[in-house]
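>>> below is the sequence, then the predicted model.
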Protein chains: 2
Amino acid sequence: MAELLRVQGYAATGLQQLARAAQAPIGSIYHHFRGGKREVAAAALRQAGAAYIQLLPLLLDQHADLPAAIEGAFAAAAEDIANTGWANMCPVGTVAAEIADTEPELRQVAAEVIASWVDEGTRYLAGRGLAQADARTGMYAVLSALEGGFLLARAQRTVEPLLAAGHAVSAYIATMPLWVPGVQGGGDASGGDVVHVAGDAHLRGEQG
Amino acid sequence: MAELLRVQGYAATGLQQLARAAQAPIGSIYHHFRGGKREVAAAALRQAGAAYIQLLPLLLDQHADLPAAIEGAFAAAAEDIANTGWANMCPVGTVAAEIADTEPELRQVAAEVIASWVDEGTRYLAGRGLAQADARTGMYAVLSALEGGFLLARAQRTVEPLLAAGHAVSAYIATMPLWVPGVQGGGDASGGDVVHVAGDAHLRGEQG
């Protein structure tokens, strides 16, 4: 269901199409979703939102260096969008933009999905060593860069905006003090140390 | 005309509405825009695009410090979007996302508008002291952060995503070496010097 919203948007997607995609008779859709198309779309956005946030640890756990991990995740997204012929990568973002002024209930669902991304992403980034406030600002920066990068890349049919956005947010994260557990020094009691995520490796390369 | 596209999007805006907004009889619209609604929308996107890029120097010339200027511009955008009741701030971005898969000619127009923003923005940032390649990556980072920040702020009805996006791109620009004309030193012949945009002032505050 999210796939149809991703490709066509909300206005252009009919309930019959949604029923066909779910291989369900339209009567059963009405039975399970008494709110009709709006309620089906809400369920699809919630489902897609829950699935997408699971990609965050999957993608970012691959690199020990957090800024490199973020730049790598944007490079992977850029490869995906080019390989799919510039498909819309995020139904939540696109539907949110389309219906923000016209469908208050769906806008509220999109807002809740985004809030859950911010909460889970903040927890993940804090687990990677960022201070709580930095982790939250960092997660909003990642999401803005990703949604804006998708929009520009789809319009221009080039990966350049996504790679630049990923590079920028990676460099931003690299300016944040990082808590490295187990490193001695710094004079605190718990045996960790606050360092800066230094090194220029992530500021170059990995954009291919 | 761009105003209608901004508020309603492309699909929901009729040619009669466009004619009313332009205070023109619909026959004269057809006379001047033989391509109908699609051609009117293309003209509106080009016009809005040309107007918007003029805001860049207007907003950024206000601060001698480039990262502070960028963070200030995002704060101004955040104030605008909150004051207008979370209006759609950019018809080019929204229409581009809506029609990317369905209206190839309009997508091409959006791509050209974005390319002109990148070119003009790159020129501006290079004029503020960034190296050419940094200026181009920086402009894409600004545009991604702005479009993504608008999308998230409209969906969530909070300025937090826009402020975080502006903070991140400002911190990113601050990592770039800056050419300061007229400063002696550095051993080059032209009397300028390459410095880093240092200082933490723009990394805190100015988010109010």
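Received it, and whenever you're ready, just let me know what you need. Not measured: the values here are computed from a predicted model.
>>> name the SS class of the residue nearest in space to the middle of chain A, please.
Central residue of chain A (CA atoms, centre = their mean): A:Leu143, 5.3 Å from the mean position. Put simply, A:Leu143 is helix when judged by DSSP: H, G, I helix; E, B strand; the rest coil.
>>> was I right about it contacting B:Leu152?
Yes. Counting by CB atoms under 8 Å, A:Leu143 touches B:Leu152, with 6.1 Å between them. Bear in mind the C-beta positions are built from the backbone N, C-alpha and C, glycine included.
>>> now the residue of chain A found nearest chain B. Its backbone dihedrals?
Residue nearest to chain B within chain A (CB to the nearest CB): A:Gly148, separated by 2.9 Å. With angles defined as degrees, to the nearest 10, A:Gly148 sits at phi -70, psi -40.
>>> you'd agree it is up against B:Ala141?
No. If you go by CB under 8 Å, A:Gly148 and B:Ala141 don't touch, sitting 9.1 Å apart.
>>> overlap in contacts, these two.
A:Ala165 (CB atoms under 8 Å, 6 or more residues apart in numbering or on different chains).
>>> which residues sit against the helix or strand containing A:Ala76?
Assigned by DSSP states H and E, A:Ala76 belongs to helix A:66-83. Helix A:66-83 has contacts (CB under 8 Å, 6+ apart) with A:59-63, A:87, A:89, A:125, A:128-130, A:142, A:145-146, A:149-150, A:153-154, A:159, A:162-163, A:165-167, A:169-171, A:173-174, A:178, A:197, A:201-202, A:206-208.
>>> before we move on, the earlier item: roughly how far apart are the residue of chain A closest to chain B and A:Asp119?
Per CB to CB, to the nearest Å, A:Gly148 is found 21 Å from A:Asp119.
>>> who has more neighbours out of the two?
Shown here are A:Gly148 and A:Asp119; by other CB atoms under 10 Å in any protein chain shown, A:Gly148 has more neighbours (29 against 13).
>>> how's chain A carved up into domains?
Listed domain ranges for chain A are A:2-175, A:177-208 (source: automatic domain parsing).
>>> highest mean neighbour count out of those domains?
domain A:2-175 (a mean of 20; mean count of other CB atoms under 10 Å in any protein chain shown).
>>> where do the helices of chain A begin and end?
Along chain A, counting by DSSP state H, helices occupy A:2-8, A:15-21, A:26-32, A:37-53, A:55-60, A:66-83, A:91-99, A:104-127, A:132-156, A:160-174.
>>> between A:Leu143 and B:Leu152, which contacts overlap?
In contact with both A:Leu143 and B:Leu152: A:114, B:161, using CB under 8 Å, 6+ apart.
>>> grab the nearest non-local neighbour of the residue of chain A closest to chain B.
Of all residues not flanking A:Gly148 in the chain, B:Gly148 sits nearest, at 2.9 Å (CB to CB, 6 or more residues apart in numbering or on different chains).
>>> below-threshold pLDDT in chain A: ranges please.
Within chain A, the stretches with pLDDT under 70 are A:1, A:22-23, A:181-208.
>>> let's go with 90 and repeat that
Within chain A, the ranges that satisfy pLDDT under 90 run A:1-41, A:44, A:87-102, A:178-208.
>>> quick one, what contacts A:Ala115?
B:Gln156.
>>> got it, and A:Thr122?
A:Thr122 is in contact with A:132, A:135-136, A:139, counting by CB under 8 Å, 6+ apart.
>>> A:Trp86 contacts A:Gln156, doesn't it?
No. Counting by CB under 8 Å, A:Trp86 stays clear of A:Gln156, with 9.0 Å between them.
>>> got a list of contacts for stretch A:152-161?
Residues from elsewhere that reach stretch A:152-161 (CB under 8 Å, 6+ apart): A:78-79, A:81-82, A:86-88, A:148-149, A:162, B:96-97, B:100, B:107, B:110-111, B:114-115, B:140, B:143-144, B:147.
>>> 6 Å instead?
For stretch A:152-161, contacts defined as CB atoms under 6 Å, 6 or more residues apart in numbering or on different chains pick out A:78, A:81-82, A:86, A:149, A:162, B:96, B:100, B:110-111, B:114, B:140, B:144.
>>> just the CA trace of stretch A:159-172, in CSV.
Output of stretch A:159-172 as CSV, limited to C-alpha atoms (Å, rounded to 0.1, in the frame of the first residue of the first chain):
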residue,chain,number,x,y,z
VAL,A,159,22.8,12.1,-7.2
GLU,A,160,24.8,15.3,-6.6
PRO,A,161,22.3,16.9,-4.1
LEU,A,162,22.0,13.8,-2.0
LEU,A,163,25.8,13.3,-1.9
ALA,A,164,26.3,16.9,-1.0
ALA,A,165,23.6,16.8,1.7
GLY,A,166,25.1,13.6,3.2
HIS,A,167,28.6,15.1,3.1
ALA,A,168,27.4,18.2,4.9
VAL,A,169,25.5,16.4,7.7
SER,A,170,28.4,14.1,8.1
ALA,A,171,30.8,17.0,8.5
TYR,A,172,28.3,18.6,11.0
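>>> off-centre distance for it?
Distance, stretch centre to chain centre, for stretch A:159-172: 14 Å (CA atoms, centre = their mean, to the nearest Å).
>>> surely A:Tyr172 meets B:Ala171?
Yes. A:Tyr172 lies in contact with B:Ala171 (CB atoms under 6 Å); the separation is 4.7 Å.
>>> could you list the contact residues of chain A toward chain B?
Residues of chain A found near chain B (CB under 6 Å from any CB of the partner chain) are A:11, A:93-94, A:96-97, A:100, A:110-111, A:114, A:137, A:140-141, A:144-145, A:147-149, A:151-152, A:154-156, A:161, A:164-165, A:168-169, A:171-172, A:175.
>>> contacts only, for the residue nearest to A:Gly148.
A:144-145, A:147-148.
>>> rerun at 10 Å
By CB atoms under 10 Å, 6 or more residues apart in numbering or on different chains, the contact list for B:Gly148 reads A:93, A:140-152, A:165, B:93, B:161-162, B:165.
>>> surely A:Ala110 and A:Ala44 touch.
No. If you go by CB atoms under 10 Å, A:Ala110 and A:Ala44 don't touch, sitting 11.3 Å apart.
>>> common neighbours of these two, please.
Shared contacts of A:Ala110 and A:Ala44 (CB under 10 Å, 6+ apart): A:91-92, A:95.
>>> this completes my enquiry, with thanks.
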